[in-house]
Each structure stands twice: as C-alpha cells, then as structure tokens.
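> Any chance you could fold what I've pasted below:
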Amino acid sequence: MNIRNLVLENVIAILEEKKPLHLVLQASLNGIEDSRDRGFAARLTRGCVERAVTLDFCLNRLSKLATDKQKPVIRNILRCGLYQILFMDSVSDFAACDESVKLAVKRGFGRLKGVVNGILRNACRSREELLSIINAEGKDNFCVKYSVPNWMADDLTGQFGSEKTEEIFRYFLKENPVHIRGNISKGSAETVFALLEKAAIPGGSTVKRNRYVDYCFTVERTQDSSAIDITDTKAFKDGAFVVQDFSSVLVGYVADRAFTGINGNNKSGIKGRVLDLCAAPGGKSMHLADLGFEVTACDVSQSKLKLIREAAARCGFDKTEILENDASVYNKAFENAYDMVICDLPCSGLGIIGKKPDIKYNMTEAKSGELAILQRKILENAVRYVKENGILIFSTCTLRTCENADNVAFIKEIPNMEGMPIAGLLPEGIAAGKDDCFVQILPGEYDSDGFWISCFRKKA
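Model (predicted):
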C-alpha cells in the first residue's frame, strides 16, 4: 500500500469534495495494519487539513500559479509535500520531494513532475524564511499562523479580544487527549478508573482523572505511540464508559443539578422524563440515562438514530426510547409532556475545530446565520414540550453570538420562561456570572472543547 497516495486521496476527499475528516480518516485507517504507517497517515492527513490556509499561503509565494488555479491533484500533492517539509521533522527533504514527484507521475501528471519538484525544492531552501513569516506575531497574522479564514479571525477577535482569540486558535492546533465519561450506574468512579488503568489501550497511553467531575477522565497517548483507539478496549465494549468531551458532559451535570434543585432527591432513584431533541450521537442521552432519568432520544435521520441505538445497547440503557423526529417541526405528542427538554442545537461548531479542523473551511457567516434561524424554530417547539416548573437546557459547541447569547435573549422573551442562575449548578472551579443563566466555555478552558450551556425554567 502506498501510504502517501492514500493520504492524497484523503486530503482531496476532505478539502475538495468536502467530506468529513473524521469519517474519511476512520475509513482509510481501517485498512492499514502497520501502526507506524497508520500513525503517519493520520498525522499527514490531519496536518494538511489543519494547515491548509497556511500551506496555500506559502505555495502562493513559491509558485507562479496560484493554488486556486492549480489542478486539484497537483494542489494537494504540493500541500502534502510542503506539510512534510515544514512540520514533520521525521521526514527528510529528499523523501518529501521525491515521493511527491512519484505521486504526480502515478496520478497521471508526469509532465508536471518538474514543477512539483521545483516548488518543493524551493520550499526546502526557503524553510526558515517561511516559518518565520508563518510564526510572526500580531493579530494581522492570525489567519496564516493558525490557518483560519479571515471572517473567523475577525469575528472571534471582536468578541474575545486578540489575546484570548490567539489562545483559542493555539488550542485548535494542539494535540488533545481523548475525553471519556464513566457510566457510574455500572460502578463507582473509582471502579471505572481502575478498569481504565488496567485496560490495554491500543497505541499506549496514560489515564488521568478530571479535576472537576470525578467520573470523567482523559486518555493521553505516550510520546512514541500511534493514534489512540479506545473503542478497542473491553471496558468500552462492556459499556463502562463513553467517549465524550468534558464540556459536553457538563450539560448532563447541569441538568441533573437543576432538576434536583427544583424537585429534591427522589429516594426511589427514579427521576423525571427527559426529551433529548437533537440527541445524536447519544452521549448526553446516555449520561442522563446513567443518572437515572427516563430518556426519550430523538434525531432526524436513521443513520444518526443507529448511533444512538448502538450506544444504548452497549451501555445497557435498554429503556431509553429512541424516536425519529424533526426537531424543527412541532410534534403535538410532546406537548407539555416532559420534566426536562435538552436541545443540543445544530450549530456552526466553532468550539470543536480542534477535533474537526475541516469545519474552518466549510462554515461561513451566512451558514451560521441560517443555523441561528433553524435554532429558533427548534427552541420554540422545545418550550412547548416542557411541563410547568419544568426545565429547558440548550447548548451548542460554537462561539458565535447569534447562535448563543442572542438565543438566550430570544427565550427570555417567551412568556413564562425565566433563566436559572447557572453558577450554582456547575462543578466547583467552573466559572459563570453570578446571575447568568448561561456559561460560555472557550476552547482550551478546563482542557476541553468550546461549549455554551443555558438553563431555563418554565413558570407555572
């Protein structure tokens, strides 16, 4: 198997055909047996996607023909070759250039092999100059340094300032650990931790406890190991834990504390009815089921519902009701039927770019605005599904005002809906304004993804 040709196919699929990185990478890595080849393919594929803006900026300095005018195959051969030259010390300049030339020939562009070789040889000679330009300080260089589109840099800098925005962008390029949440209905947090420590996690790794919630953990790969596949462990297959970012776990944590604050502790262990309107892939639904709630998990497509069913079966939450439902369309059967409604709204996803870097190139301001309109339709319906004295929680994994703070203002205008102060519902050490009904977690805060969580009560 030619690993670089496989990477080229991956990068073309992601950057040219707009296929999701995580799905493309997952499918391609399944066919690679050697762990070193698998690690190389994952690193080079992800790196080319993460750094596409940066790479194109450099190629436009090195080539007479702008990248957007180049043939897609050649453009991506050059991206892959240049990434190896600039960002992979383990690859020699000769190998990066020679293998790229071979790829051009293999893909039917032998007449352009001289062009490919010339551009990449020039990159080798200019490496230090290029890296100096890339790493120049100042907000005017954010797009090149951190490989983000102009509108995103402007939007986040306007909201959070240059210093905080640079911290966010830096976190996007950092290799992050795998976050997991233990199913405490199957055993204590200590039991889950012991299982993880004993588990032979493929690739080699260390397990650390979360500082804020004792049944959450991170799994970090060792320096010399390849990518972690924690789903290969017996503990995962037995339903001892789920893969879920800590900031996402906070939705269930807040929901549980909000419900208990209103209704008190039920000694029978049976809690209220919860509707998870946008449930896929099922992490929040499984968390609420684990905490003792009677959960109805919904999503709009059968493929997403399949993921929820698989998660429920693996975790042993067989009583979870799983339904196909379009959250943007009113469902009379749900009217005033639930003690709590969870809306993890479809959003622009700017908070999780560290995990899904292709979001940077597929999302636009216009698309974000369209999503905000869809979110309001969902929230209007969700309010009608909540019982009197019931709770509505909406969350997103984005950072945009139109999808977060503006939706809080929208809900507060709905009769009988009032914000619940969220500071007392969060774990100790997680900060929110004293009277705010929301918390904005920025990427990298608490070693987690960016997330927004808001909590409301429907008055009697």
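> how far does stretch 140-156 sit from the chain's center?
Centroid displacement of stretch 140-156 relative to its chain, using CA atoms, centre = their mean, to the nearest Å, is 19 Å.
> Pop the domain breakdown of this structure in here.
3-135, 178-243, 246-458 (automatic domain parsing).
> Just put these in a markdown table and tack on distance to residue 151.
Where C-beta positions appear, they are placed from N, C-alpha and C, glycine not excepted. Listed next are the domains of the chain as a markdown table, based on distance: least, CB to CB, whole Å:
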| stretch | distance to residue 151 |
| --- | --- |
| domain 3-135 | 12 |
| domain 178-243 | 29 |
| domain 246-458 | 5 |
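> Lowest mean pLDDT across the ones you listed, which one is that?
Ranked by mean pLDDT, the domains of the chain bottom out at domain 178-243, with a mean of 81.
> circling back: of all the domains of the chain, which lies closest to residue 171?
domain 246-458 (3.5 Å; CB to CB).
> What's the end-to-end length of the closest one?
27 Å (CA to CA, to the nearest Å).
> and if you look at stretch 443-455?
Stretch 443-455 has an end-to-end distance of 21 Å (criterion: CA to CA).
> what's the closest of the domains of the chain to residue 160?
domain 246-458 (7.1 Å).
> ok, residue 253 - contacts?
By CB atoms under 8 Å, 6 or more residues apart in numbering, the contact set of residue 253 is 213, 425, 426, 427.
> And for residue 447?
176, 177, 218, 246.
> ok, 10 Å please
171, 174, 176-177, 179, 208, 210-212, 218, 245-247 (CB atoms under 10 Å, 6 or more residues apart in numbering).
> before we move on, the earlier item: just flag the most distant two among the contacts of residue 253.
Within these, 213 and 425 form the most distant pair, 12.6 Å apart (CB to CB).
> Skipping its backbone neighbours, what lies nearest residue 197 in space?
residue 207 (5.6 Å; CB to CB, 6 or more residues apart in numbering).
> Can you point out the helix or strand that includes the one you found?
strand 205-209 (DSSP states H and E).
> packing partners for that strand?
Here strand 205-209 touches strand 178-182, helix 189-198, strand 216-221, going by 3 or more CB pairs under 10 Å, 6 or more residues apart in numbering; DSSP states H and E.
> Repeat the analysis, applying 8 Å as the threshold.
For strand 205-209, the packing partners by 3 or more CB pairs under 8 Å, 6 or more residues apart in numbering; DSSP states H and E come out as helix 189-198, strand 216-221.
> Residue 122: which of these is closest?
Across the helices and strands packed on strand 205-209, the minimum distance to residue 122, taken as CB to CB, is reached by strand 216-221, at 34.8 Å.
> For the closest one, which strands pair with it and how are they oriented?
strand 178-182 (antiparallel), strand 205-209 (antiparallel) (DSSP bridges).
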